[in-house]
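Novice: how would this look folded up:
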Amino acid sequence: MAKAVFYHAGCPVCVDAEQMILNYLDPAKTEIEVVNFSTDTSRIEEAELAGVKSVPALVLDGWVYHINFGASMEDVKK
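Specialist: Next comes the predicted model:
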């Protein structure tokens, strides 16, 4: 089963992207986790180590896909 982690900061761009991504991924084939940095800042370092440079971003089986541009990781840390 594939593993997908969708990282975002809770902004409108991110929330829209989250809904779109969750509608397209098949939960029967993909383990899906959503990480919202506005409610859980403890996962920021994990995202950066995975290669996330901006949010919203999807990490799918270790591959990072940056979706649109809501905020840089530096902005998320502030």
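Novice: all contacts plus neighbour counts: C-alpha atoms, from now on.
Specialist: Will do.
Novice: for the strand ranked longest in the chain, which positions count as buried?
Specialist: Longest strand in the chain by number of residues (criterion: DSSP state E): strand 63-72. Buried residues in strand 63-72, counted by 16 or more other CA atoms under 10 Å: 64, 65, 66, 67, 70, 71.
Novice: ok, those vs residue 5, which is closest?
Specialist: When those are compared for distance to residue 5 (CA to CA), residue 64 wins out at 9.5 Å.
Novice: compute the mean per-residue pLDDT across the longest strand of the chain, please.
Specialist: Regarding strand 63-72, the rounded mean pLDDT is 90.
Novice: same for the helix or strand just after it, what does it pack against?
Specialist: Counting by DSSP states H and E, the next helix or strand C-terminal to strand 63-72 is helix 73-77. In terms of contacts (3 or more CA pairs under 8 Å, 6 or more residues apart in numbering; DSSP states H and E), helix 73-77 is packed against helix 44-50.
Novice: chain center to the next helix-or-strand element following the helix it packs on: distance?
Specialist: Next in sequence after helix 44-50, counting helices and strands by DSSP H and E, comes strand 54-60. Offset of strand 54-60 from its chain centre (CA atoms, centre = their mean, to the nearest Å): 4 Å.
Novice: could you check the angle strand 54-60 makes with strand 63-72?
Specialist: Counting by axes from the mean of the first three to the mean of the last three CA atoms, to 10 degrees, strand 54-60 lies at 160 degrees to strand 63-72.
Novice: kind regards, and thank you for your time.
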